[in-house]
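**Student:** sequence first, predicted coordinates after that:
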Amino acid sequence: MLGSKRNTFKPTAYGHTRRKRRIPRWLVLMITGMVLGAGGLLFIQKSYGPQMLTVEQSQQLHDELHTIKAENQRLQARITSAERERDLSLTQVSTATEKLERHDSIVSALENDLTLFAAAMPADPRGTSPGIRAADFANSDGKLDYTILLMQDNPDANAFKGTMVLNIQGRYPNGRTGYIDSDPIPLDFGRYVHAQGAFELPSGMSARQVTIQVYPEGNDKTAAMRIINVR
């Protein structure tokens with residue numbers, strides 16, 4: 001009995017032997033695959049993926065992004081302002097166009113009226129062309145105010161260039177009669193011209209009568225003349 005290597009006691013019919021538990025092979029393979037996959041992912045990311053930013057680089061990137069956003073807002077504000085100015089300009093152009101159309105309509109009507117007016121104006125008594133169709137003079141505060149209408153008979157006549165001189169006959173407070181000539185008044189007109197102005201009179205003189213003389217350019221011979229009493 002002492003030399004026998006058998007177990008002295010054997011399990012009874014109601015007992016059992018305890019086996020060692022092993023980790024399932026599928027779990028080992030799964031864990032191994034996960035470890036290898038995570039390691040490979042880290043290797044690829046570190047070797048070929050984008051580098052991780054430092055704190056300073058991240059802050060610099062944040063500041064640049066903030067600057068870009070601010071610049072974008074500024075440019076957007078300028079675009080909005082430019083659009084408002086464009087809309088305002090379009091409105092002004094539209095308004096100006098409407099005014100121009102109304103102006104053209106008024107001018108056309110006035111041209112028709114002037115044509116009728118020119119045809120209705122009495123001719124110069126001397127029958128000259130250009131002729132002195134109408135004139136009006138008035139004494140006012142030491143000056144002689146004048147309004148003179150000169151007109152050519154032919155609406156298609158060449159422009160008339162020349163000068164007009166006013167020979168003024170007046171009276172001083174002491175009853176003495178005086179004469180004075182105005183400086184030459186330049187003329188350059190087509191069908192007609194409405195000349196207006198004022199002539200300074202000598203101290204105390206009051207105009208009584210005016211002789212209007214019209215001279216062609218470079219010619220001393222009168223092209224028209226008319227005598228008008230001053231009211």
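**Tutor:** Yes, it's here.
**Student:** mean confidence for stretch 84-96?
**Tutor:** Averaging pLDDT along stretch 84-96 yields 88.
**Student:** and it, what's buried?
**Tutor:** Residues of stretch 84-96 include none that count as buried (16 or more other Cβ atoms under 10 Å). Placement of C-beta: from N, CA and C, glycine included.
**Student:** now swap in stretch 207-217 and tell me
**Tutor:** 207, 209-210, 212-216.
**Student:** ok, stretch 191-205 next?
**Tutor:** 191-193, 195, 199, 201, 205.
**Student:** Ala38 belongs to a helix, doesn't it?
**Tutor:** Yes. The assignment for Ala38 is a helix, going by DSSP: H, G, I helix; E, B strand; the rest coil.
**Student:** what residue spans form the domains of this structure?
**Tutor:** The chain breaks down by automatic domain parsing into domains covering 53-120, 131-229.
**Student:** ranking those by burial, who's on top?
**Tutor:** domain 131-229 (a mean of 15; mean count of other Cβ atoms under 10 Å).
**Student:** now that domain, how far from the centre of its chain.
**Tutor:** Here domain 131-229 is found 45 Å from its chain centre; the criterion is Cα atoms, centre = their mean, to the nearest Å.
**Student:** got the end-to-end distance for that domain?
**Tutor:** By Cα to Cα, to the nearest Å, the extent of domain 131-229 from end to end equals 18 Å.
**Student:** state the mean pLDDT of it.
**Tutor:** What domain 131-229 shows for mean pLDDT is 93.
**Student:** do the same with stretch 106-126
**Tutor:** 78.
**Student:** ok, residues contacting it?
**Tutor:** For stretch 106-126, contacts defined as Cβ atoms under 8 Å, 6 or more residues apart in numbering pick out 131-134, 149, 151, 153, 155, 191-192, 224-226.
**Student:** redo that, cut-off 10 Å
**Tutor:** For stretch 106-126, contacts defined as Cβ atoms under 10 Å, 6 or more residues apart in numbering pick out 129-134, 149-153, 155, 191-192, 222, 224-227.
**Student:** in strands, which of those fall?
**Tutor:** Applying DSSP state E to the contacts of stretch 106-126, the entries found in strands are 131-134, 149-151, 192, 224-227.
**Student:** with distance to Asp141 added, can I get these in JSON lines?
**Tutor:** Listed next are the ones in strands among the contacts of stretch 106-126 as JSON lines, based on distance: Cβ to Cβ, whole Å:
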{"residue": "Gly131", "distance to Asp141": "31"}
{"residue": "Ile132", "distance to Asp141": "26"}
{"residue": "Arg133", "distance to Asp141": "28"}
{"residue": "Ala134", "distance to Asp141": "24"}
{"residue": "Leu149", "distance to Asp141": "24"}
{"residue": "Leu150", "distance to Asp141": "26"}
{"residue": "Met151", "distance to Asp141": "30"}
{"residue": "Tyr192", "distance to Asp141": "29"}
{"residue": "Ala224", "distance to Asp141": "29"}
{"residue": "Met225", "distance to Asp141": "28"}
{"residue": "Arg226", "distance to Asp141": "26"}
{"residue": "Ile227", "distance to Asp141": "24"}
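**Student:** of all those, which two lie farthest apart?
**Tutor:** Tyr192 and Ile227 (20.6 Å; Cβ to Cβ).
**Student:** dihedrals phi and psi, Leu61?
**Tutor:** Phi and psi for Leu61, reported as degrees, to the nearest 10, are phi -60, psi -40.
**Student:** and the gap between it and Glu71?
**Tutor:** From Leu61 across to Glu71, the span is 16 Å (Cβ to Cβ, to the nearest Å).
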